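> Prediction below, plus the sequence it came from.
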Amino acid sequence: MNSVLVTGGAGYIGSHTVQQLVERGDRVVVIDNLSTGFREAVRGASFVEGNVGDIELVSRVLEAHRVDAVLHFAAHTVVPESVSDPLKYYGNNTGNTRNLLACCARAGIDKFIFSSTAAVYGSTEAGVADEDTPTRPINPYGTSKLMSETMLRDWCATGAMRHVILRYFNVAGCDPLGRIGHSTPQATLLIKVACEHAVGKRPSISIYGTDYDTPDGTGVRDFIHVEDLAAAHLRALDHLRAGGDCLTLNCGYGHGYSVREVVEAVARAAGHRLNVVELPRRPGDIPKLIARSDRLREALGWEPCYDDLDLIVRTALSWEHRLAGNSFRAASVA
Ligand SMILES: NC(=O)c1ccc[n+]([C@@H]2O[C@H](COP(=O)([O-])OP(=O)(O)OC[C@H]3O[C@@H](n4cnc5c(N)ncnc54)[C@H](O)[C@@H]3O)[C@@H](O)[C@H]2O)c1
Ligand SMILES: O=c1ccn([C@@H]2O[C@H](COP(=O)(O)OP(=O)(O)O[C@H]3O[C@H](CO)[C@H](O)[C@H](O)[C@H]3O)[C@@H](O)[C@H]2O)c(=O)[nH]1
């Protein structure tokens, strides 16, 4: 039986996808250097610790596990860090993706699913993006991902490979059964940070900017539950295995919530007030970004199961309690 290679499978989104693949009976091998991932998050799959840019190592794994498709999650993901250290991002996100593609070429692998980001769009006029919206990233993280997209399309144009590029919007929430979650150290993402405050790991939650041209003055984002996003990867894999064409797809629900609404949802889930500090806008933030995600639904037959802010927040908070060693309602959050 062939295997799927999942790079970055010990990380937040990769581990949820590995779990779904394993649960439905796919054979999976993970390569992860554990720079931000966790060995114990990889359950039921083979695990190889190493760098996805290491051509010899990756080539050995592709051959030994008879890999027929690659899901490429491994990357650095912190936007402000990409501004202060852009070469780190071009090296890991773009350079290492090039090496991985070279290994696939050598091994004759013809199916590739790539973790891209809504950050490739930058600031859009109406705060909404479909896949044909011009890509104008405003930070090196977004550019490093866009460069990988271009490289992948160019390689696929030779006929050697077919791809699905998934552009994730704001990913949040955790496995509703509490087996794995979002453990990234020094997290900066809103729902994770707010939940860390709710369990007492941080003294407050900051709202960056209350003067945007949005209904309540705070930023608006399209939050997608990690389980729905993982499910989109499985459908993308099936699409490629069935001989489907190359696709670029937004991954979001098509509607958004404001930062203030998110903070209120976390307070509701926690059952107590939060210490909210209102601060000026965070440099580089855009007011609003919502996905048009009709193409994902039409091309892959994907339908969300967790499109509910309170549910997203409850699963995230439940995991945060587990990390903090508190008792929690893991099995009942869904
Ligand atoms: N979290 C989000 O909201 C979001 C949004 C858009 C896109 N993405 C993309 O999704 C993917 C996964 O992100 P995540 O949130 O799960 O982050 P994460 O940091 O939890 O996962 C990344 C994983 O890749 C591993 N890794 C990094 N560089 C590696 C290398 N050179 N070799 C081997 N392993 C390496 C890390 O150890 C980690 O396990 C990334 O490509 C990211 O750019 C995430
Ligand atoms: O402590 C916080 C954290 C965030 N925010 C606000 O919450 C919103 C969302 O911010 P996040 O940092 O959670 O997410 P971003 O929208 O900045 O970016 C995320 O989603 C992008 C896609 O849209 C990229 O994929 C990127 O990798 C990922 O960091 C923004 O208005 C931000 O200012 C706060 O007010 N306080």
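Great, that's in hand. Here the structure is a predicted model, which is why all the values come from computation and not from measurement. Ligands and ions are numbered 1, 2, ... in the order given.

> Write out the residues of the chain neighbouring ligand 1.
Counting by C-beta under 6 Å from any ligand atom, the chain comes close to ligand 1 at 7-8, 10-14, 31-37, 51-53, 73-75, 77, 92, 96, 115, 117, 168, 170-171, 184, 189. From N, CA and C alone the C-beta is placed, and that goes for glycine too.

> which stretches of the chain have low pLDDT?
327-334 (pLDDT under 70).

> Domain map for it?
Residue ranges for each domain of the chain read 3-172+222-251, 190-221+254-288+306-332, as given by automatic domain parsing.

> Out of those domains, which is closest to residue 178?
Distance to residue 178, taken as C-beta to C-beta, is lowest for domain 190-221+254-288+306-332 among these, at 2.8 Å.

> Please compute how far the closest one lies from its chain's middle.
18 Å (C-alpha atoms, centre = their mean, to the nearest Å).

> Does it reach ligand 2?
Yes. Using C-beta under 6 Å from any ligand atom, domain 190-221+254-288+306-332 comes into contact with ligand 2 via 190, 193, 206-209, 219, 221, 259, 282, 285.

> Sort out for me which of these are in strands.
Among those, the members falling in strands (DSSP state E) are 206-208, 221.

> Quote the end-to-end distance of stretch 204-223.
This stretch, stretch 204-223, spans 22 Å end to end (C-alpha to C-alpha, to the nearest Å).

> picking that back up, now, the residues of the chain next to ligand 1 that are in helices?
Residues of the residues of the chain next to ligand 1 located in helices (DSSP state H): 12-14, 96.

> does residue 18 belong to a helix or a strand, and which?
helix 12-23 (DSSP states H and E).

> Just the C-alpha atoms of that helix, please, in CSV.
Coordinates of the C-alpha atoms in helix 12-23 are reproduced here as CSV (Å, rounded to 0.1, in the frame of the first residue of the first chain):
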residue,chain,number,x,y,z
TYR,A,12,-1.2,22.2,14.7
ILE,A,13,-2.9,21.8,11.4
GLY,A,14,-0.8,18.9,10.1
SER,A,15,-1.5,16.7,13.2
HIS,A,16,-5.2,17.2,12.8
THR,A,17,-5.0,16.2,9.2
VAL,A,18,-2.8,13.2,10.0
GLN,A,19,-5.4,12.1,12.5
GLN,A,20,-8.2,12.2,10.0
LEU,A,21,-6.1,10.3,7.4
VAL,A,22,-5.2,7.6,9.8
GLU,A,23,-8.8,7.3,11.0
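
> Could you list the buried residues of that helix?
12-19, 21-22 (16 or more other C-beta atoms under 10 Å).

> Identify, from those, the entry nearest to ligand 2.
For the buried residues of helix 12-23, the closest approach to ligand 2 (C-beta to the nearest ligand atom) belongs to residue 13, at 10.5 Å.

> what's the closest one in contact with, if anything?
For residue 13, the contact set (C-beta atoms under 8 Å, 6 or more residues apart in numbering) comprises 73, 115, 168, 171, 226, 229-230.

> try 7 Å
Residue 13 sits next to 73, 115, 171, 226, 229-230 when contact means C-beta atoms under 7 Å, 6 or more residues apart in numbering.
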